[in-house]
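1. give me a 3D structure for the following:
(chains A, B and C)
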Amino acid sequence: MTQNSRDLSRRRLLFGGAAVGAGVLLAGCTSNETEPTAAQTKGADAAASGNAAPGQKVVIGFSAPAADHGWLAAITTNAKAQAAAYSDVEFKTVEAGADAAAQRAALSTLISQKPNVIVMLPHDGKELNAAGLEAMKAGIPVVNLDRAFPDALAYRLQIKGDNYGMGVAAANYIVAQLKAKGVSNPVIGEIPGIDSLELTQERSKGFADTLAQNGLRVSNRRPAEFTADSGQQAATGLLQALPKIDAIWNHDDDQGIGVLAAINQANRKEFFMVGGAGSKKAMEDIQADNTVLKATVTYSPSMASSAISLARLIGQGKGMSDLVELQVPKEIILASETITKENASNYLKLGF
Amino acid sequence: MSEATPTSTAAPDRAAKLPAQSPPVDPAETAAAADHAVSGGRLSWWRGEGGEGAKRNLGLIAVLVALVVIGALTRPDLYSNADWVWANTLTILKLASVVGVVTVGMTFVIIGGGIDLSVGAIVALAGVWATTVATQSYGAGGMIFCALTVGLGVGLVNGLLISYGRLVPFIATLAMLVAARGLAAELSDKQTQVSNNTTINDIASTNLLGIPLLVYILAAVVIAGWVLLNRTTFGRRTVAVGGNPEAARLAGINVKRHTVMLYALSGLCCGIAAIMLTAQATSAQAAMANLYELDAIAAAIIGGTLLSGGRGTIIGSLLGVIIFSTITNLFAINGLTSEAQNMVKGGIIVAAVLVQQVQFRSLTQFLGRNRLTTT
Amino acid sequence: MVSEPGTDAADGVPESATVDAPLVEAPADAVAGEVVLRLTDVVKTFPGVRALDGVQLEVRAGEVHCLLGQNGAGKSTLIKVLSGVHQPDSGQIEWRGEPAAFTNPQAAMRAGIATIYQELDLVEDLSVAENAFLGHEPRQLGFVRRGQMARRTRQILGRLGHGEIPPNRMVRSLPAAGKQVVSMARALSHEARLIIMDEPSAVLAHDEVGNLFRIIRELTAQGIAVIYISHRLEEIREIGDRVTVLKDGRTTAANLPARDTPTRDLVSRMTGRTIEYVFPDRPADAEPAGGDLLEVEGLTRAGEFADVSLRVRPGEIVGIAGLVGSGRSELLETIYGARRPEAGTVRMAGRQLRPGSVGAAVRAGMGMAPEERKSQALLLGEPIYRNVTLATFGRYARGGFTDAGRERAAADQIADSLELRPRDVRRPVRTLSGGNQQKVVVGRWLLGDTKLLLLDEPTRGVDVGARAELYQVIRSLAERGVGVLLVSSEVPEVLGLADRVLVMREGRVVREAPAGELDENTVLDLVMAGSLMEGAPA
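-> So this is what the prediction gives:
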C-alpha cells in the first residue's frame, strides 16, 4: 500500500513535471513576430494641396467586425495607420463584436460619445441601416465602408469596392488568356467564398455575365468559406470533378492558400488561376511565377485608409482638392484592378 | 418466527416452479434473445463490436454502395475510367481523413456518455499554435509536438471541468468552443498563418504505395481506436461509464478519472487532425475546421453511436464519415450546389437513424418469429 | 389471532385459510355515507407477478378509508388501477353505483377520482393556480382566463383552510406541506369525489401532520371520500374510519374499524404467510470465528441516519430491517463509500477506509448489490459475462488488453454455480428475469476476493423460485467466510436469513439482537411504531 502510494506520488510528480514543462514550452511557442505588413497609408506630405496641413481637430469613431480574415484585419490596420498619420485626428475604435446586433450596440455607445464623423464597416449593410440613420440624425456624418446601406439618408459618404467589377475583371483576364492560347471549349472552374453572402453573388454574377458575353460558361463551382482549409476541400472537389481544366477563378486569396495547396497535392498544372482581393502572398506568388496563380483582381482594403482621409475632410468641411466641388462626393466606388506579373511590383505595397 | 426449511426439500419444489416463471420481457427482447440463442454457437470475429452493430454497419455499407452507383449513373464518363475511380476513392478517403480522426475521439466521448462540442475549435487552436513563427522555428517535430500537446491539454481541461467542476458536458465544451477559437484568433492575430515547413506540408501530398499518407494516418487512428474500444480495459470502462455511470461507480470504476481521460483522448485526436488539416491547407487560421463538431457528431450518430452513451462502434463512425465525404464528392462531380448538398446531408442523418430503428427492430422481430414458428 | 407463520406451516394448516376466511365486516352504521366505490375480485398480473390477486374494497362517501399492507402487498398497483394508469385483468369496479372502466388517468380524473402521489407531480416553476388547473385551465377563445383561474383557486384554497396561499406564488417556493395543499387543490379543481393519498405524511414534518388531518376532515365533512395509505399505525388510528388490509395482492381483511382493531390483529393480517420462504439451514456452530471484518462507528448523515455503529464478522450474515425511508439503503451506500458520511468511520479488517471512495471500499474487499438493479448495477444491453466481470475485468486483462475468453470462462463458472438461466453468458443481460439478473449482480462479487457483501433488497422483483436459490447463494457465501450485510423491507427475509438483526427506524438503530430472539411481529411493531411507542422495547 505504502509502496503503491509512493509509486503513485512519484508518477504524479513526473506527470506534473512533464505538464509544467510542456506548458512552458508551449507558452514560448505563442510568439508570432513576423515582419509586419506595411499599412497602406498616404502621408500628410504626399497631398498636393493645403488639405494636408493640420486643421480643425476631428474625432473619428471607427467600427468594423472583429477580423476573422486577412482582408478585414487589413481594413482595421489601415484605418488606424491612416488616422495616426494626421496630427489633427483623434481615432476612437469600438469592436463590432460577433454579429450585427453586437455592432448595433457598440455603435449606440459610440454615437453617445459624439464623435465628429463615424467610419463603419457594417456586418451587414441592411441590418445596420438603422444605426446609420440614428447617427446621421444625431448630426454625425457616417462614412460607410464597403457594405452599402440601402437607405441613402443613412450615410454621408459611401466608399466601397466593386464586387461585380471583380468578376468582370477576372473573366476578362481569363477570356483574353484563353483567346491568346487559342483554346476552344475551355473548361472553367470557380471557387467562390461563402455563397450566401451578397458580395459573393455579385462577384459570381459579374464573372458569369462577362463569360457569357464571350460565349463561355462556368463548368463547375465549389464554394469555400474564405478559409484556407475550406478552400483546400473545395478545390479538391473541383479538381476531382474536372479531370481537365483550362482556368479557375478563386474569389479570395486567403482561401487561395488552401486552393493552391490542393492543386499541388493533386499534382495538377494544366490550367492557370486568377485570385481575388490582392493579398501580399498572392502578389508575391504572381511575381515569382512558379505556381498556377497568374493574376489576381483587387478588392483593396486600402479603401479604409481613404475613408479615414475623407472622413477628416468631411469633419473639417473641406472638399477633395483635385475636384472642383467644395465637399467630398457622396459615393466612391474603387475600380477592381488586375494584378499580373508585369505590374505586381507596383501593387506589392498595397497587398495585405 | 419462520423456521428454516431444510434445503433438500426446497430443490424439487423449486424445479417444479421453474417452468411457470416467465421472465418479463417485451416481444422485441424475446426476438433478440431467440436470435442470440440460435447464432450463439457460431460467433464470428466481429462479435466484439456486437452483432447488432455489425448488422448496422452492413446497412451503412449498402448506403455507400448506393451512393457510388448514383455517382456512376450520373457521371458515366468519369466512372468508366478505372484510374479516375481509384483516384476518386482516394480523394474521398483523404477528404474523410481529418474529420475521421476527430470522429474517433468523438465516438469515445459519446459512448462514454458525454459530448464534445469543442473539437473544431481545438483543431483550430492546435493548428494555429503549431504554425506560429516561434513553433515553426522548432521544425516539424516541434510543430507536431505542439499540436498534440495543445489538443491533449485542452481536452484535459474539458474533462476536468466536467468531472470535477461538475459542468454539464454540453456547457463545458460549448464554453471551450468559444474560448479556444478566441485564443486561436488572439495567437494568430486573426491572420492566416502559412506553414513554411515542407515536412509538414508534405504530409498531405505524400503517397506510400500509391495511397496517401493521410489515409494511412486515418487507418492507424481507426485501428487504434477499435482496439482501444473493443480489446482494452479502457474501452470496457468507457462502455460501462456511458451505459450506466451509477453501476460503473458502484462496481468500483473511477468514473470521474475515466471521464477526464475520454475528453483528453478526444483532444489528442483533435491535435492529430490539426496537423493533418494544416498540412492539407499549408496554413492554419482561427476559423479553420469550422463546424467539424457537427460533422463528427452526425457521423458518429449515423454510425450507430447512441447519443445517450453506452453503445457505439468505431467502424460505424468511420462509415458515417466516409458516407458524408462521398456525398460531398458526389455533389462536386455533378456540379450541384452546396445548398442542396446540405439538405441531403440533413436528410441522410434522419433517414439513417430512422432506418436503423425500424429496420433492425422489425428484422429481428421477423427473424425471431420465424424461428419461433419453425422450431 | 396472532399467527406465527412457521408454526402454522408446521401444524399443516394452509396459510390461505386466513384469506379464505370471511371478511371481517364493520358494523353497518359505522359510516353513514353511500358506497361510492366498490371493487370485487380485482386481478392484475404483470409478467411473472400476480400483483393483485382478488382485491375487495368498499369506500363510502365522507369516510377516510385506510389501506394497510407491507411493501409489495399490492397497494401501489391498486392505486394505479383506481387512477386509470393500469387496467385490471378481471374483476369489477363499481363507481357511484355503476360499473366503470378507467382506461386512462384522464378518465379517472373526469369521473372524480384524484390521486396525490408521494412524490407530488407538480410543476415547480408554475404558479399555484396554474398547477391547480393544469390541463383544464378555464379558457376562452384559446386564452387562459387567468383572473377566473386565480379566483377559483383562491376559493378552493379557502375550502382547504389555506386561503393564505397566494394563487400566483411559484410552487417551487412553497414548503412540502404547501405543495401538498396545492395537490389537493388540484384534486378539488376536478370536483373530485374520491381522493387517494399515498403516504401523504411521509413528506411532512411532525407538526405539519396535524394540519393535514384538519384538511382531510374538512374534505370528508363535504362528503368527499378519502383513501389513505400509510405505514404509521397511530395515524390510521387518528384519522381513519375503516381499514382494509392487503397482503400478496389480496384483501385479507376489509372494513375493520380503524380505532378499535387491536394492533396485533392488523399486523397479523398484514403478515400471515401464503408464500413459503425457503431458507437454508444455519450452520450448527452459529458463532462465527475470527475478529470483526467490518466495524462501523458513529456513522451519520443528516436527514438520513444518525450515529449508527455496527459490526460484521467473517461468515456472518447481519440483517437490517426497516421501512423505506428508515435510512437503511443510505447507510449501506455510505458504508460502501458511495456517499460521504458527515461523521463516523468505516473500518475493514482493522483498516480505516477513505470516506466517500467506492474504489477504496472495493479494494478493501467490499462488494455491493444495490437496491435498484437496473439503474444502479447492470449494463442492460451488454452481455451477461461483461456484467459479471464489471468489477474485475481488469484482473483478467493483460497489460490493459482485455481477455474475453478468460472472462467468459470465469463467468461460465459463476453461471454454473448460481444455476443461471439461460446459461449462455453472451446473451444481453436485459433478456434475463429479475432473479437471474440479481444472480448476475451477486455473481459479480464472487469473482473477486470479496470479503464483505452488502445486499440491498436482494430479492425485490424476484420470483419465489429464484428467491430460494438466492438465499442459498448468500448462505453458502457466508459459509465460505464472506461477511454479509443485508437490507430488506421484508421482515421474514431478514429473520430467516440473517444471524443477527438490526432494526432501523427513522435513521436510528432501535434494536439489535440475534435473529433467533426476534419474531416478525416484534420487528414490525418496532419498524412501524410511531412516536407513541418511541423508546419502547430496546
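
2. is it true that residue C:112 touches residue C:195?
-> No. Counting by CB atoms under 8 Å, residue C:112 does not reach residue C:195; the two are 9.5 Å apart. In short, each C-beta sits where N, CA and C put it, glycine included.

3. domain ranges for chain C?
-> Domain ranges of chain C: C:1-112+C:229-276, C:294-533, per automatic domain parsing.

4. need the winner for burial among these.
-> By mean neighbour count, with neighbours taken as mean count of other CB atoms under 10 Å in any protein chain shown, domain C:294-533 ranks first of those at a mean of 20.

5. please tell me I have it right and residue B:162 contacts residue B:115.
-> No. Taking contacts as CB under 8 Å, residue B:162 lies outside contact range of residue B:115: 9.9 Å.

6. list residues touching both of the two?
-> Common contacts of residue B:162 and residue B:115 (CB atoms under 8 Å, 6 or more residues apart in numbering or on different chains): B:169, B:173.

7. out of these two, which sits in the busier spot?
-> Neighbour count, other CB atoms under 10 Å in any protein chain shown: between residue B:162 and residue B:115, residue B:162 has more, with 25 against 22.

8. any low-confidence regions in the stretch 401-538 of chain C?
-> For the stretch 401-538 of chain C, the stretches with pLDDT under 70 are C:463-465, C:529-538.

9. for chain B, give me its nearest residue in it.
-> Nearest residue of the stretch 401-538 of chain C to chain B, counting by CB to the nearest CB: residue C:433, 3.3 Å away.

10. hang on, that residue packs against residue C:467?
-> No. Using CB under 8 Å, residue C:433 is not in contact with residue C:467, being 11.8 Å away.

11. residue A:269: which of the domains of chain C is closest?
-> Across the domains of chain C, residue A:269 has its closest neighbour in domain C:294-533 (48.9 Å, CB to CB).

12. now the closest one, how far from the chain's geometric center?
-> Centroid displacement of domain C:294-533 relative to its chain, using CA atoms, centre = their mean, to the nearest Å, is 17 Å.

13. that domain near chain A anywhere?
-> No. Counting by CB under 8 Å from any CB of the partner chain, chain A has no neighbours in domain C:294-533; the shortest distance is 8.7 Å.

14. nearest residue to the residue of the stretch 151-300 of chain C found nearest chain A other than its sequence neighbours?
-> Closest contact between the stretch 151-300 of chain C and chain A, by CB to the nearest CB, is at residue C:293 (18.2 Å). Distance criterion CB to CB, 6 or more residues apart in numbering or on different chains; nearest residue to residue C:293, sequence neighbours excluded, is residue C:483 at 4.3 Å.

15. for the one you found, what are its contacts?
-> C:293, C:294, C:312, C:313, C:314, C:315, C:316, C:317, C:318, C:451, C:452, C:453.

16. give me every residue in the stretch 201-350 of chain A that's in contact range of chain C.
-> Residues of the stretch 201-350 of chain A lying close to chain C (CB under 8 Å from any CB): none.

17. report the closest residue of the stretch 201-350 of chain A relative to chain B.
-> Per CB to the nearest CB, residue A:237 is where the stretch 201-350 of chain A lies closest to chain B, at 3.3 Å.

18. from what I see, that residue and residue A:224 are in contact.
-> No. Contact criterion CB under 8 Å: residue A:237 and residue A:224 do not qualify, at 9.7 Å.

19. from residue C:473, how far off is residue C:395?
-> 21 Å (CB to CB, to the nearest Å).

20. which SSE is residue A:189 in?
-> Remark: residue A:189 resides in strand A:188-191, with elements defined by DSSP states H and E.

21. briefly note if that strand comes near chain B.
-> No. No part of strand A:188-191 sits near chain B under the criterion CB under 8 Å from any CB; the closest distance found is 9.7 Å.

22. doesn't residue C:85 lie inside a helix?
-> No. Counting by DSSP: H, G, I helix; E, B strand; the rest coil, residue C:85 is located in no helix; its state is coil.

23. rewinding a little: residues contacting the residue of the stretch 151-300 of chain C closest to chain A?
-> Counting by CB under 8 Å, 6+ apart, residue C:293 touches C:312, C:313, C:314, C:316, C:348, C:349, C:451, C:452, C:483.

24. and the most centrally placed residue in chain A, how far is that from residue B:192?
-> With distances taken as CA atoms, centre = their mean, residue A:71 lies nearest the centre of chain A, 2.5 Å away. Distance, residue A:71 to residue B:192, using CB to CB: 10 Å.

25. so what sits against both of those two?
-> Common neighbours of residue A:71 and residue B:192 (CB under 8 Å, 6+ apart) are residue A:254.

26. pLDDT score for residue C:193?
-> You'll see residue C:193 listed with a pLDDT of 91.

27. now do residue A:7
-> Value listed for residue A:7 in the pLDDT field: 55.
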